[in-house]
Structures are given as C-alpha cells and as structure tokens.
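Asker: Let's see this in three dimensions:
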Amino acid sequence: MTDRKTVTLADVAALADVSQQTVSRVVTGHGQVSPRTRARVQSALAELNYVPNRLATGLARQRTYSVGFATVDLSLHAPSQLTAGIEHAARQAGYSLLVSIVAANGLSATTHTLRGLRERQVDGVLLNASLDAADALEVQRRFPGLPCVFMDVAPGTPVPAALLDQVHGARLAAEHLLALGHTRIAFVDGPRHAVVENARHQAWLGTLGARGLRPVATAEGDWSPASGYAATQHLLAAGVPFTAVLVANDQMAVGVLRALWERGLNVPADVSLVGYDDTPESALLIPPLTTIRQDFPTLGTRAFAHLLEVLEGDSSHTPQVLTVPELVVRASTAPPSGERQSVQTALDTLRAALATRQD
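Answerer: Okay, here's the model as predicted:
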C-alpha cells in the first residue's frame with residue numbers, strides 16, 4: 001500500500017503497469033480497454049483504495065457530477081419513492097442529488113424551481129411535475145442548456161421522458177371489475193389538472209365504453225385520504241347506486257373505505273374497491289386493497305439512467321422509457337352481490353341434481 005494520503009492515477013498506472021490514460025478510461029468508463037487490462041487496473045484500484053477526484057474530473061469534462069430532482073410534494077407516496085430510487089442510482093454512479101420542491105401547479109412554478117437548480121450548476125434535471133405537451137416543450141425552450149428528463153408529462157410528447165404506463169394500469173383496474181361482473185361503476189378521480197389523472201380517467205372511460213358502459217357517477221379528490229372521504233360522501237349523497245369504485249390512488253381509497261363503512265356498506269359484499277399505486281399500507285387495510293402496483297424505485301433508477309444517456313448525447317433511440325404497472329388482486333373486490341347470489345343458486349342447483357342422480 002502507498003503511504004501517501006492521496007492516491008493518484010500515476011500510482012494506479014505504476015502498479016497495474018499501464019499508462020495513466022488507460023487507468024482514466026477504466027475509471028470514467030469512456031474508451032476501449034481489453035477485459036484483461038481492465039481487470040488488472042480494477043485490481044490495482046482496489047488494492048490502493050483509489051477514490052476518484054470528482055472535482056478535477058468535473059473541471060476537465062465541464063461537469064459538477066450533480067443532478068437535480070424537481071418534484072411535487074414529498075409527503076405523497078410516489079414522489080418519496082421516486083426520490084429513493086433516484087438517490088440510490090445517483091450514488092452508485094458517483095453523482096450527488098439535489099432535491100427541489102415544485103411549490104405549485106403549472107409552468108410558472110416549474111420554471112422557478114428549474115431556474116434555482118440551474119443556478120446550482122447541476123448537470124441535468126429529472127422533472128416530476130405535471131406538464132402538458134405545450135408546457136413541456138416550453139420548458140425545453142426556456143432551458144436549452146439544461147438536459148432534462150420528464151417524469152410526469154403527457155404520453156407522446158416529443159421530449160426525453162421516463163414514465164409509468166398509466167393507460168395500461170388503468171385498463172387493468174377497469175377490466176378486473178368488468179370481469180367480476182360489475183356494470184355500475186363509480187370513479188373517484190384525482191385532481192383534473194394532473195396528467196396522470198387524465199390518462200387514468202380516459203383509460204377507465206375507454207375500457208367501460210368498449211362494453212357500452214359509462215361510469216354511473218364521478219367525484220374528484222386531491223390525492224389525499226380526506227379528499228377520498230369527501231368524494232365518496234358526494235357520491236353517496238347523489239343517490240345513484242353503484243357496486244364498485246375505481247379510485248385514482250390508494251391514499252384516496254383509504255378515505256373511500258372509511259366513508260363506505262360509516263354508511264354501513266361492506267367492502268366487497270356491497271361495494272368493490274380498486275386503488276392505484278400499491279402503497280405499503282394497502283395490504284394492511286381491512287379488507288386488503290386490490291390495486292395497481294407501480295414500481296417507483298425502479299422507475300427512479302431507470303429515469304436516472306435515461307438522464308445519463310441524455311447527458312452523453314445517446315438518447316435518440318429511446319426518447320421515452322416506459323415502466324409497466326401490474327394488477328394486485330386482494331380482498332376488496334368480488335362479484336356484485338346479485339352475481340354472487342346467481343352463481344350460488346346455480347351451484348346449489350347443480351349439487352341437488354348430482355345428489356338426486358346418486359340416490
């Protein structure tokens with residue numbers, strides 16, 4: 001081991017018997033190095049406990065090795081889980097992460113947040129703020145020198161993006177209820193301004209419409225449990241009977257469940273309930289919640305990798321990265337009571353016929 005406090009590329013090169021340029025290629029991951037030479041250099045790096053000088057490397061490559069994550073409210077499940085995934089991926093790649101909150105909806109608040117991150121000289125930004133296509137393109141126009149990957153933008157917008165397939169997830173939820181025999185389905189939507197809410201709502205409508213159905217009633221929340229509770233009270237006050245509810249996220253579904261319980265309605269005997277997100281609490285509710293699982297940490301990891309592609313100018317072949325959700329069936333959904341009675345009657349009739357034959 002060397003006695004020097006700082007191990008240099010020259011030290012590693014001498015131990016591995018290669019040039020400093022070869023060591024640099026291995027450390028930065030740029031340039032061609034044979035597998036045998038790479039292994040020898042990596043062994044020397046480990047033996048000398050080499051720590052890359054990010055400041056020197058950043059000056060040479062005009063980088064700070066920091067990225068920004070501009071996101072909405074971290075108290076919500078999705079942003080907090082995305083942060084965890086992005087931070088882990090950034091740390092593994094030797095980047096620091098600066099998290100900045102977008103304080104309000106719309107282009108103005110997003111611009112303010114991005115301006116602050118640009119002033120801190122981040123190499124690029126992951127943007128988790130709801131933007132329609134026009135606003136996303138305007139962000140690119142206002143920040144031409146700031147590489148950005150969008151995480152909550154209208155599908156098909158011609159910008160680098162890492163997204164969850166909201167349409168696919170919402171269809172899974174609606175198709176599950178239809179397969180159980182529900183035809184009187186209500187919606188508890190998220191805030192109508194949100195891009196993901198619009199995608200889920202339109203996918204629900206399309207899936208029901210393919211069967212010649214419409215929602216019997218709709219109400220809007222703001223993603224919080226309290227708003228789900230208030231939305232369900234609104235549905236119940238309207239007096240339109242329903243046998244199932246599609247809810248735009250699990251946190252609102254908690255409020256829906258409470259409101260139904262207060263009215264004396266049993267889930268799923270009287271009303272089936274499907275959430276969205278698969279928060280950790282969803283499996284612990286009474287009854288456990290059927291929902292759509294979104295892997296936010298994985299999305300965060302994939303979004304960071306996509307940002308690195310953008311930084312290297314290597315994202316043209318994959319302008320948008322999609323992560324596919326999955327349906328998690330639990331005890332909050334069942335056939336509507338009339339369907340269950342019909343099935344039970346048919347089974348009883350069959351059993352009686354079989355018993356008669358045996359006699």
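
Asker: immediately after the lowest-mean-pLDDT helix or strand in the chain, which helix or strand?
Answerer: Across the helices and strands of the chain, the lowest-confidence element by mean pLDDT, DSSP states H and E is helix 54-61, at a mean of 52. Sequence-wise, the next helix or strand downstream of helix 54-61 (DSSP states H and E) is strand 66-71.

Asker: Let me see the mean pLDDT of the next helix or strand after that next one.
Answerer: Once the chain leaves strand 66-71, the next helix or strand it forms, by DSSP H and E, is helix 77-92. Helix 77-92 shows a mean pLDDT of 92.

Asker: Then stretch 236-245?
Answerer: 96.

Asker: how long is that stretch end to end?
Answerer: By C-alpha to C-alpha, to the nearest Å, the extent of stretch 236-245 from end to end equals 12 Å.

Asker: Return the set of buried residues in it.
Answerer: Judged by neighbour count using 16 or more other C-beta atoms under 10 Å, the buried positions of stretch 236-245 are 236, 242-245. Heads up, the C-betas are built off the backbone N, CA and C, glycines and all.

Asker: same deal with stretch 14-24?
Answerer: Neighbour count says stretch 14-24 has 15-16, 18, 22-24 buried, by 16+ other C-beta under 10 Å.

Asker: any idea where the helices of the stretch 1-150 of the chain begin and end?
Answerer: In the stretch 1-150 of the chain, the segments counted as helices under DSSP state H, counting those that start in this stretch are 9-16, 20-28, 35-48, 54-61, 77-92, 107-119, 133-142.

Asker: Can I get those helices in a markdown table including distance to Ser100?
Answerer: Shown next, in a markdown table, are the helices of the stretch 1-150 of the chain (distance: least, C-beta to C-beta, whole Å):
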| stretch | distance to Ser100 |
| --- | --- |
| helix 9-16 | 34 |
| helix 20-28 | 28 |
| helix 35-48 | 34 |
| helix 54-61 | 20 |
| helix 77-92 | 11 |
| helix 107-119 | 5 |
| helix 133-142 | 14 |
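
Asker: Which one, of the ones you listed, ends up nearest to Ala305?
Answerer: helix 77-92 (6.7 Å; C-beta to C-beta).

Asker: contacting residues around the closest one?
Answerer: Helix 77-92 is contacted from outside by 67, 69, 71-74, 96-97, 99, 126, 128, 151, 249-251, 277, 279, 294, 296-301, 303-305, using C-beta atoms under 8 Å, 6 or more residues apart in numbering.

Asker: go on, stretch 32-39?
Answerer: By C-beta under 8 Å, 6+ apart, the list of residues contacting stretch 32-39 reads 16, 18, 22, 25-26, 41.

Asker: how about these, which pair is most distant?
Answerer: The span of the contacts of stretch 32-39, defined through C-beta to C-beta, is set by Ala16 and Arg25 at 12.0 Å.

Asker: still on that earlier bit, would you reformat the buried residues of stretch 236-245 as TSV and include distance to Thr157 and secondary structure?
Answerer: Below are those laid out as TSV (distance: C-beta to C-beta, whole Å; DSSP: H, G, I helix; E, B strand; the rest coil):
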residue	distance to Thr157	secondary structure
Leu236	38	helix
Phe242	34	coil
Thr243	37	coil
Ala244	32	strand
Val245	30	strand
